[in-house]
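Q: Here is a sequence together with a model predicted from it:
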Amino acid sequence: MDGRWPGWGADAGLVVLTFLPALLSQPYVDTSGAAWASLTVYEAVGVVILLLRRRLPATAFVVGFGTLLVALVGSAGAGAKLSPLVFLPLAVLLYAMGSHCASWRRTVSAVLGVTVLSAAGLWLNRMTTDSDDFQGGLDVLAALAPMPLAWAMGFAARTRQELLAAAERRAADARRAQALEAAQATQRERTRIAGEMHDVVAHSLTLLVVHAETLRARGGELPDWARTQVDGLAAAGRQSSGELRDLLRMLRDPADAAPLQPVPDLGELGALLDSHRAAGGPVGLTTAGALESVPGPVQLATYRVVQEALVNARRHAPGAPVRVSVDDAGGELRCEVVNGRAARRGTAGAGIGLGLVSMEERVRALDGELTAGPTEDGGFRVVATMPWEPAGV
């Protein structure tokens, strides 16, 4: 479809349906040369006017009526008659003025202009024609009488379109208001959760760090193994406090989501495994591939998977050996954490059952896949695979 003239197919069909009937019926009315000449000129001008009915509805109606008036008066002066169907384009122009002209001022001006043209045409017809058969009378009045109905139909169509548009705007406003209300409710809930976390978790975590630092200050009174445990406890508490502050800040204002603490990556896996060893858990790490080129989000997800898997191992299989492997092979990162059978009884009721769910959501957010389940020797395996596109591919 030509964008410069939308609806050209419909316009072409309308032109044929509007002007062809007069051409087909003219041989049954008058076959004189004057009649055919007047009809041909009128329809040629009428086609152009009809195509302008949407852009200039009032002007098209006045010009179309004037053209029809000239054709009728001219043919009558030459003793010729035109088919009554020449009034059909006038009905189309009236409908267009009702449906496309939103200005009452232009509509009234067009009606007044047509009235003046009608009076002038009637006078000119009387002056140029002596025969009563060619002077405008009841036949012209009968053709013009139903014309206001065409304008009323166009006006009704425009009113319906405006009502539909207004309804769509109200629906859109309602959707926007509903979305805004939902966003506000979500933000209120986030703020409430942030307040609860600050009052409960942050307070308890702060006390934990304070007690750990107090024990560190009295490290000379503790055995060597206890000093190592206290150092690891204090470091983990400080890191958790920083991450919790970032989380609370993001909950209160999602726009301020830039973390104050450095985001963990694969380069910090060594320190993470050291903290696990300090807690009494043997663990080994094997890596392969160019891990430094892995995108930050994938590195963070891998770090969190390893972190959660180690926490679960300490809870449910304390003292069991853990094997961690991270392999980058051709744009896909594979992380596997396997722990053996527990060396001693795990913590009863430890955790709330959301660790694996959180890991799976994080991995799936990166179009990856996570599988977890027990091994044949009574241990547990967690495997996460995440695709990524190397730079330059």
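A: Cool, the structure landed. Numbering: from 1, shown residues only.

Q: Which neighbouring elements make contact with the helix or strand encompassing Trp123?
A: Trp123 belongs to helix 104-128 when assigned by DSSP states H and E. Judged by 3 or more C-beta pairs under 8 Å, 6 or more residues apart in numbering; DSSP states H and E, the packing partners of helix 104-128 are helix 57-77. Placement of C-beta: from N, CA and C, glycine included.

Q: How much space separates Ala212 from Glu268?
A: Distance of Ala212 to Glu268, computed by C-beta to C-beta, to the nearest Å: 20 Å.

Q: Next: Val111.
A: Relative to Glu268, Val111 is positioned 83 Å away (C-beta to C-beta).

Q: and what of Leu90?
A: Between Leu90 and Glu268 the distance is 83 Å, computed by C-beta to C-beta.

Q: Which residue of the two possesses the greater neighbour count?
A: More crowded of Leu90 and Glu268, by other C-beta atoms under 10 Å: Leu90, with 21 against 15.

Q: check contacts around the more buried one.
A: 61, 64-65, 68, 147 (C-beta atoms under 8 Å, 6 or more residues apart in numbering).

Q: Checking it next. Helix, strand or coil?
A: Under DSSP: H, G, I helix; E, B strand; the rest coil, the three-state class of Leu90 is helix.

Q: which residues of the stretch 201-350 of the chain fall in helices?
A: Along the stretch 201-350 of the chain, counting by DSSP state H, counting those that start in this stretch, helices occupy 203-217, 224-252, 269-278, 296-316.

Q: which other helices and strands contact the host helix or strand of Thr186?
A: Take DSSP H and E as the rule and Thr186 turns out to sit in helix 147-197. When contacts are defined as 3+ C-beta pairs under 8 Å, 6+ apart, helix 147-197 sits against helix 88-100, helix 224-252.

Q: Just give me the lowest mean pLDDT stretch among those.
A: Lowest mean pLDDT within the helices and strands packed on helix 147-197: helix 224-252, a mean of 69.

Q: Same question for stretch 303-322: list its buried residues.
A: 303-310, 312-322 (16 or more other C-beta atoms under 10 Å).

Q: Tell me the gap between that stretch and the middle of its chain.
A: In terms of C-alpha atoms, centre = their mean, to the nearest Å, the centre of stretch 303-322 is found 42 Å from the chain centre.

Q: average model confidence for that stretch?
A: Averaging pLDDT residue by residue across stretch 303-322 gives 87.

Q: mind saving the C-alpha coords of it as CSV?
A: Output in CSV follows, covering the C-alpha atoms of stretch 303-322 (Å, rounded to 0.1, in the frame of the first residue of the first chain):
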residue,chain,number,x,y,z
TYR,A,303,30.0,-17.4,42.8
ARG,A,304,26.5,-17.5,44.5
VAL,A,305,25.9,-21.1,43.4
VAL,A,306,29.2,-22.2,44.9
GLN,A,307,28.6,-20.1,48.0
GLU,A,308,25.1,-21.6,48.6
ALA,A,309,26.3,-25.1,47.9
LEU,A,310,29.1,-24.8,50.5
VAL,A,311,26.6,-23.5,53.0
ASN,A,312,24.4,-26.4,52.4
ALA,A,313,27.3,-28.8,52.7
ARG,A,314,28.3,-27.3,56.1
ARG,A,315,24.6,-27.6,57.3
HIS,A,316,23.8,-31.0,56.1
ALA,A,317,27.1,-32.8,55.7
PRO,A,318,29.6,-31.1,58.1
GLY,A,319,33.1,-32.4,57.7
ALA,A,320,32.4,-34.0,54.3
PRO,A,321,35.0,-33.4,51.6
VAL,A,322,33.8,-31.0,48.9
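
Q: Asp377 touches Gly340, doesn't it?
A: Yes. The criterion here is C-beta atoms under 8 Å, and Asp377 meets it with Gly340 at 6.5 Å.

Q: Who has more neighbours out of the two?
A: Neighbours were tallied for Asp377 and for Gly340 using other C-beta under 10 Å; the higher tally belongs to Gly340 (18 against 8).

Q: Relative to Pro297, how far out is that one?
A: Gly340 is 31 Å from Pro297, by C-beta to C-beta.

Q: Go ahead and confirm Thr67 touches Val48.
A: No. Thr67 lies out of contact with Val48 (C-beta under 8 Å); the separation is 9.7 Å.

Q: quick one, which of these two is more surrounded?
A: Counted by other C-beta under 10 Å, Thr67 and Val48 do not tie: Thr67 has more neighbours, with 20 against 12.

Q: Give the closest residue to that one in space, chain neighbours not counted.
A: Once flanking residues are discounted, Thr67 sits nearest to Val45: 4.9 Å by C-beta to C-beta, 6 or more residues apart in numbering.

Q: can you count the residues close to the one you found?
A: 17.

Q: In contact with the nearest residue to Ala329 once chain neighbours are set aside, which residues are there?
A: In space, and not counting its chain neighbours, Ala329 is closest to Gly289: 6.0 Å by C-beta to C-beta, 6+ apart. Going by C-beta under 8 Å, 6+ apart, Gly289 touches 327-329, 333.

Q: Determine the set of other helices and strands touching the helix or strand harbouring Ala34.
A: For Ala34, the element it lies in under DSSP H and E is helix 33-51. If contacts are counted by 3+ C-beta pairs under 8 Å, 6+ apart, helix 33-51 sits against helix 8-25, helix 57-77, helix 88-100.

Q: So for Gly284, which of these sits nearest?
A: With C-beta to C-beta as the criterion, Gly284 lies closest to helix 8-25 of the helices and strands packed on helix 33-51, at 74.1 Å.

Q: elements contacting that closest one?
A: helix 33-51, helix 88-100.

Q: Determine the number of other residues adjacent to Val73.
A: Residues lying near Val73 (other C-beta under 10 Å) number 23.

Q: Surely it touches Asn125?
A: Yes. Counting by C-beta under 8 Å, Val73 touches Asn125, with 5.0 Å between them.
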